[in-house]
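**Q** the following comprises the amino acid sequence and a computationally predicted model.
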Amino acid sequence: MDKALLEVQALECVRGDKQLFSELSFSLEASSLLHVHGPNGSGKTTLLRAIAGLVLQEQGDICWNGVPTSKQKDEFNRELLYLGHHYGLKFELTGYENLKVFANLSGSDISEHEVEAALARFGLAHCVELPVKVLSQGQKRRVALARLLLQRSKLWILDEPFVALDVAAVDLLLDVIKAHVAGGGMVILTTHQEVAIDAGQLQHLHLGEKPGASTVEQH
Amino acid sequence: MLATLRCIVMRDLTLAMRHRSDVLTTVFFFIIVVSLFPLGVGPEAALLREMAAGVVWVAALLASMLSLTRLFADDYNDGTLEQLLMVPQPLSLIVLGKVLAHWIISGLPLVLMSPLLGLQFGLEGDELIMLMVTLLIGTPVLSLLGAIGAALTLGLRGGGVLVSLLVLPLYIPVLIFGAGAVTASAAGMGADGHLSLMGAILLLALVLAPWASAAALRISVE
């Protein structure tokens, strides 16, 4: 077994007064995918946000390469791409400008051509110059997802990435995810949609209604 | 590091250009508040001259408050703020970029308008220049300190009023030395002391405010 890159140990998260999960442990190595299952309110989003460093955990450790992520924020953020419920896009800017800002901030040197190619891959070649606010929900989601192709992050955390996407886009996203995992990347995702995800080493994490009732299955 | 700063500033300026009404509101608010005083107090030249610096400065404080609530709120609502938190760059640098853009949008126009408004109060030559210089040093402090308040009240109901209550008391030193410098130079005394103190406040705010705002943002986003 390869060395685990991401290790979560005895994680406990609390929202308000409610304990969402406790003693949650799992690890992810290169070329693997973790599918987080659970009913509404079981803490899927909180778990993903905790790994991304947006929510502070009550207890436990989240380690990247053996070092807690909170102690190496910049290094970890360079390897991380988190796409949440919000698109994280400025609606007044065009899709191109939005992607360019993130590309510049992530420090990767990305050419105009690459940004256009990423948008074209997600079927947005004709609306490169349109402000995001005039795009449909699905198209906005596609713009946000186009970041996957641009940032060379190792760990993708995708919270409900298939929402609002049409069938073709779902297939495309699955291909992108598979290619990323095959290339040594790691993906953690949640989805309520029935999509056939089968890439690399697949793990399922089931968050239960009760804290502590979580299970991890390997396939 | 400079590239990051430039990227954030350019992003916020582009956004402001596409929302021009927001920028103009601040400037017109400033102009109207300052212009109301001569109308209300009456055309007594000596009185107007005496209160000119204070009025312009208080109007500048209020005008810069107007746009503060939006400093982080727009980014917070559409999820770009959480994306900015995960950028592999120091968060305080990103905050500094946003504050710089806020100053260019809402502080710099006030500085440029101030001599014109000073004329309404019968200020002349040196006093007009002094008014402009104090605003040039002081308005960045307003944006910097305001950022702390804006970050702390992010996502709270009625955050707008709360920001004023938090931030206006912090503006008092800048107000005293800013208005004081103009009055002192009008009275023929040197304003060097006032200006040095304002410079010191600016440097202190420049070092501490982005760091404090960044810490507050992390808490607010959670």
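**A** Sure, I can see it. Keep in mind it's a predicted model, so treat the numbers as computed, not measured.
**Q** next SSE downstream of the helix or strand where residue A:36 lies?
**A** In the assignment (DSSP states H and E), residue A:36 maps to strand A:32-37. Next helix or strand after strand A:32-37 toward the C-terminus (DSSP H and E): helix A:44-52.
**Q** please save the CA atoms from stretch B:156-174 in PDB.
**A** Taking C-alpha atoms only, stretch B:156-174 is exported to PDB below (Å, rounded to 0.1, in the frame of the first residue of the first chain):
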ATOM      1  CA  LEU B 156     -24.400  39.400  10.700                       C
ATOM      2  CA  ARG B 157     -27.900  40.800  10.500                       C
ATOM      3  CA  GLY B 158     -27.800  44.600  10.700                       C
ATOM      4  CA  GLY B 159     -24.100  44.500  10.100                       C
ATOM      5  CA  GLY B 160     -24.200  47.900   8.500                       C
ATOM      6  CA  VAL B 161     -25.100  49.800  11.700                       C
ATOM      7  CA  LEU B 162     -22.800  47.600  13.800                       C
ATOM      8  CA  VAL B 163     -19.900  48.500  11.500                       C
ATOM      9  CA  SER B 164     -20.400  52.200  12.200                       C
ATOM     10  CA  LEU B 165     -20.600  51.600  15.900                       C
ATOM     11  CA  LEU B 166     -17.400  49.600  15.900                       C
ATOM     12  CA  VAL B 167     -15.400  51.600  13.500                       C
ATOM     13  CA  LEU B 168     -16.300  55.300  14.100                       C
ATOM     14  CA  PRO B 169     -14.700  55.400  17.500                       C
ATOM     15  CA  LEU B 170     -11.500  54.000  16.000                       C
ATOM     16  CA  TYR B 171     -11.500  56.900  13.500                       C
ATOM     17  CA  ILE B 172     -11.300  59.500  16.200                       C
ATOM     18  CA  PRO B 173      -7.500  59.900  16.300                       C
ATOM     19  CA  VAL B 174      -7.300  60.400  12.500                       C
END
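**Q** report whether that stretch contacts chain A.
**A** No: using Cβ under 8 Å from any Cβ of the partner chain, stretch B:156-174 never reaches chain A; the gap is at least 16.0 Å. For glycine as for every other residue, the C-beta is placed from the backbone atoms N, C-alpha and C.
**Q** buried stuff in that stretch?
**A** B:159-160, B:163-164, B:166-168, B:170-171, B:174 (16 or more other Cβ atoms under 10 Å in any protein chain shown).
**Q** chain center to that stretch: distance?
**A** In terms of Cα atoms, centre = their mean, to the nearest Å, the centre of stretch B:156-174 is found 12 Å from the chain centre.
**Q** tell me which residue in chain B sits closest to chain A.
**A** For chain B, the residue closest to chain A is residue B:79, as judged by Cβ to the nearest Cβ, at 2.4 Å.
**Q** might one say that that residue is in contact with residue A:83?
**A** No: at 9.2 Å, residue B:79 does not count as touching residue A:83 under the criterion of Cβ atoms under 8 Å.
**Q** these two: who's more crowded?
**A** Neighbour count, other Cβ atoms under 10 Å in any protein chain shown: between residue B:79 and residue A:83, residue A:83 has more, with 23 against 18.
**Q** list the contacts of the nearest residue to that one once chain neighbours are set aside.
**A** Leaving aside its sequence neighbours, residue A:83 sits nearest to residue A:158 (Cβ to Cβ, 6 or more residues apart in numbering or on different chains; 5.3 Å). Residue A:158 makes contact with A:83, A:177, A:187-190, according to Cβ atoms under 8 Å, 6 or more residues apart in numbering or on different chains.
**Q** hang on, residue A:158 in a strand?
**A** Yes: membership of residue A:158 in a strand is supported by DSSP: H, G, I helix; E, B strand; the rest coil.
**Q** that one pairs with what?
**A** residue A:83, residue A:189 (DSSP bridges).
**Q** tell me how far it lies from residue A:27.
**A** Separation of residue A:158 from residue A:27 (Cβ to Cβ, to the nearest Å): 19 Å.
**Q** spell out which parts of chain A neighbour chain B.
**A** Counting by Cβ under 8 Å from any Cβ, the residues of chain A that sit close to chain B are A:52-56, A:74-75, A:77-78, A:80, A:82, A:84-93, A:97, A:101-102, A:104-107, A:131.
**Q** give me the angle between the longest helix along chain B and helix A:44-52.
**A** Counting residues, the longest helix in chain B under DSSP state H turns out to be helix B:192-221. Between the axes of helix B:192-221 and helix A:44-52, defined by axes from the mean of the first three to the mean of the last three Cα atoms, to 10 degrees, the angle is 130 degrees.
**Q** off-centre distance for helix B:192-221?
**A** Centre-to-centre, helix B:192-221 and its host chain are 12 Å apart (Cα atoms, centre = their mean).
**Q** check whether it comes near chain A.
**A** Yes: Helix B:192-221 lies within reach of chain A by Cβ under 8 Å from any Cβ, at residue B:221.
**Q** residues of that helix that come out buried?
**A** Buried residues in helix B:192-221, defined by neighbour count with 16+ other Cβ under 10 Å: B:194-195, B:197-198, B:201-202, B:205, B:209-210, B:212-217, B:220-221.
**Q** sheet partners, orientation included, of the helix or strand of chain A with the lowest mean pLDDT?
**A** Using mean pLDDT, DSSP states H and E, the weakest-scoring helix or strand in chain A turns out to be strand A:215-218, at a mean of 70. The strands beside strand A:215-218 in its sheet (DSSP bridges) come out as strand A:201-206 (antiparallel).
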